[in-house]
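**Student:** Sequence first, then the predicted structure:
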Amino acid sequence: MRVGLLIYGSLETVSGGYLYDRKLVEHLQSQGDRVELVSLPWRNYARHLGDNLSSALLQRLARLDVDVLLQDELNHPSLFFLNRSLRKQARYPILSIVHHLRSSEQHPAWLLAFYRAVERRYLQSTHGFIFNSQTTRQAVQALSGQASPYVVAYPAGDRLEASVQEGDIAQRALENGPLHLVFVGNLIPRKGLHTLLTAIASLPRGACSLAIIGRMDADPQYARKIQRLAIELGLQA
């Protein structure tokens, strides 16, 4: 089978969503399928919206020699209007891989309404979906207002051999000393690190420690906000 996959940037981007897509490509290729990657440049949301007016992009996608085109839903601002024309010209179905909806995040009311409108139009422009969870499926169906064909393909389980047993955890909970927490995730608003910092600051001093592991260049503005918040809350250590 010939499969097209449309993403922003590089498939090697370090995030859970890109790891999911990368593992999907590896599996398809191991089964003998041909995967053609279509990469659109990373820009801001407003500039991505302008892609919908690109006749060059429309022609490029319409001419793909594939049996199916997979679109990462992250690309929805570039495709919400363009897909309507693409469906008329392309000979293949369009499936969207949905990890998470932007409109499921917290935004000012006016901006959230705008995101919902754009995302709804995109979701309604595809033939079907690949979801990473039932929760994502429910969110998409509620927003789109339609029940399109779908499959739920869960991330592929544990990759690390468990070295800590349930009894070890119960014993640690009774030990003296601070609770040691680790946050693993890119520093972007929807990961909620600001909420975690605020919660820790409300606890007695020394009740817990926090190590943060994640990229700071995914959203530099938010990363700077987190650094300022840590200082304000006295958590810079």
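**Tutor:** Good, I have the coordinates.
**Student:** which regions of this protein sit below the pLDDT cut-off?
**Tutor:** For the chain, applying pLDDT under 70 flags the ranges 157-160.
**Student:** Spell out the secondary structure type for the residue of the chain most remote from its centre.
**Tutor:** If you look at how far each residue of the chain sits from its centre, by CA atoms, centre = their mean, the farthest one is residue 176, at 38.3 Å. Reducing the assignment at residue 176 to three states with DSSP: H, G, I helix; E, B strand; the rest coil gives coil.
**Student:** Could you measure from it over to residue 11?
**Tutor:** Residue 176 sits 47 Å away from residue 11, taking CB to CB, to the nearest Å as the criterion. Backbone N, C-alpha and C define where each C-beta goes, glycine included.
**Student:** and residue 18, what helix or strand is that in?
**Tutor:** For residue 18, the element it lies in under DSSP states H and E is helix 16-30.
**Student:** hey, where'd the strands end up in this structure?
**Tutor:** 2-8, 34-40, 68-72, 94-98, 128-131, 150-152, 179-184, 208-213 (DSSP state E).
**Student:** Same list, these, but as a markdown table with distance to residue 139 please.
**Tutor:** Supplementary listing: those in a markdown table, determined by distance: least, CB to CB, whole Å:
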| stretch | distance to residue 139 |
| --- | --- |
| strand 2-8 | 21 |
| strand 34-40 | 24 |
| strand 68-72 | 16 |
| strand 94-98 | 8 |
| strand 128-131 | 9 |
| strand 150-152 | 12 |
| strand 179-184 | 24 |
| strand 208-213 | 28 |
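**Student:** Please tabulate these in TSV, including the columns mean neighbour count and distance to residue 28.
**Tutor:** Listed next are these as TSV, based on neighbours: other CB atoms under 10 Å; distance: least, CB to CB, whole Å:
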stretch	mean neighbour count	distance to residue 28
strand 2-8	20	6
strand 34-40	15	5
strand 68-72	23	9
strand 94-98	23	12
strand 128-131	19	12
strand 150-152	13	14
strand 179-184	12	28
strand 208-213	13	30
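**Student:** between these, which gets nearest to residue 88?
**Tutor:** Minimum separation from residue 88 across the strands of the chain (CB to CB) falls at strand 94-98, 11.6 Å.
**Student:** quick one: contacts of that closest one?
**Tutor:** Under the criterion CB atoms under 8 Å, 6 or more residues apart in numbering, residues 20-21, 24, 68-73, 76, 83, 86-87, 122-123, 125-132, 136-137, 140 lie in contact with strand 94-98.
**Student:** Taking helix 16-30 as reference, get the angle to it.
**Tutor:** Angular relation of strand 94-98 and helix 16-30 on a 0 to 180 degree scale: 130 degrees, by axes from the mean of the first three to the mean of the last three CA atoms, to 10 degrees.
**Student:** Give the partner strands of strand 94-98 in its sheet and their orientations.
**Tutor:** Using DSSP bridges, the strands paired with strand 94-98 in its sheet are strand 68-72 (parallel), strand 128-131 (parallel).
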